[in-house]
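> what's the 3D shape of this:
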Amino acid sequence: MKILHTADWHLGQLFHEYDRTFEHQEFLNWLLETIKIEQIEVLLVSGDVFDISNPAATSIRMFYTFLQEATKENPDLQIIITAGNHDSASRLEAPKPLLESSNIHIIGTVEKNKEGIIDYEKLTIPLHNKFGEIKCYCLAVPFLRMGDYPLVPNATNPYTEGVTALYREAFSFAKKKIQANQTIIAMGHLHTHHAEISDM
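Next up, the predicted model:
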């Protein structure tokens with residue numbers, strides 16, 4: 001499968017009061033062309049689609065126009081988008097039911113059941129090849145805010161250890177689903193200040 005990953009578009013951003021709409025549109029035009037020329041099957045966008053949680057109408061229109069053109073030009077294209085810390089998680093995924101009919105998955109929030117257990121099924125998206133076969137599963141993890149991740153008893157750093165626990169549990173969930181010749185892609189949007197590379 002041909003997969004293209006991108007992130008941090010920050011649509012609507014001003015650079016020292018300079019309007020960057022033209023630059024953003026040029027990027028999206030390039031991305032549309034690249035998807036078509038390279039025959040991309042999966043587009044992953046991991047966070048910060050917009051620069052602010054309440055973006056202007058022009059930025060929203062630019063985003064949805066891109067999605068419409070991308071899927072129109074490439075009917076089999078699968079798109080997975082997760083929210084970043086600059087995005088409004090609930091606002092970003094509001095049109096989710098409508099977009100899923102176009103094979104566009106937007107994950108903004110971490111859903112839980114009545115008992116407060118994280119629904120990892122909704123964070124685990126199957127990716128299909130042109131024959132409709134599942135080739136891999138994508139862990140689509142949005143930026144995690146307080147209350148999204150598991151509580152780790154006696155944690156020295158509740159945020160770091162909670163985020164680590166969520167990724168570990170999400171991977172374990174996906175690992176139980178994969179069969180021969182299938183793999184897992186993990187995408188997320190998170191702070192890595194003072195992070196260390198583990199052996200996992």
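
> Could you check the top helix by length along the chain and say which residues are buried?
In the chain, assigned by DSSP state H, the helix with the most residues is helix 158-177. For helix 158-177, a neighbour-count test (16 or more other CB atoms under 10 Å) marks Thr160, Glu161, Gly162, Val163, Thr164, Ala165, Leu166, Tyr167, Ala170, Phe173, Ala174 as buried. C-beta coordinates here come from the backbone N, C-alpha and C atoms, glycine included.

> Present the residues you listed as JSON lines; the columns should include distance to Lys36.
Below are those laid out as JSON lines (distance: CB to CB, whole Å):
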{"residue": "Thr160", "distance to Lys36": "41"}
{"residue": "Glu161", "distance to Lys36": "43"}
{"residue": "Gly162", "distance to Lys36": "41"}
{"residue": "Val163", "distance to Lys36": "36"}
{"residue": "Thr164", "distance to Lys36": "39"}
{"residue": "Ala165", "distance to Lys36": "40"}
{"residue": "Leu166", "distance to Lys36": "36"}
{"residue": "Tyr167", "distance to Lys36": "33"}
{"residue": "Ala170", "distance to Lys36": "32"}
{"residue": "Phe173", "distance to Lys36": "34"}
{"residue": "Ala174", "distance to Lys36": "30"}
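
> Tabulate those residues (a markdown table), appending pLDDT.
Output for the buried residues of helix 158-177, formatted as a markdown table (pLDDT from 0 to 100):
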| residue | pLDDT |
| --- | --- |
| Thr160 | 86 |
| Glu161 | 89 |
| Gly162 | 91 |
| Val163 | 91 |
| Thr164 | 91 |
| Ala165 | 92 |
| Leu166 | 94 |
| Tyr167 | 94 |
| Ala170 | 95 |
| Phe173 | 95 |
| Ala174 | 94 |
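
> Count the neighbours of Pro126 for me.
Number of residues near Pro126 (other CB atoms under 10 Å) recorded here: 15.

> For it, give me phi and psi.
Note on Pro126: its backbone torsions stand at phi -80, psi 140 [degrees, to the nearest 10].

> residues contacting the closest residue to it other than its chain neighbours?
Take Pro126 and drop its neighbours on the chain: the residue closest to it by CB to CB, 6 or more residues apart in numbering is Ile134, 4.6 Å away. Residues near Ile134 by CB atoms under 8 Å, 6 or more residues apart in numbering: Pro126, Leu127, His128, Gln182.

> redo that, cut-off 10 Å
Pro126, Leu127, His128, Lys177, Ile178, Gln179, Asn181, Gln182 (CB atoms under 10 Å, 6 or more residues apart in numbering).
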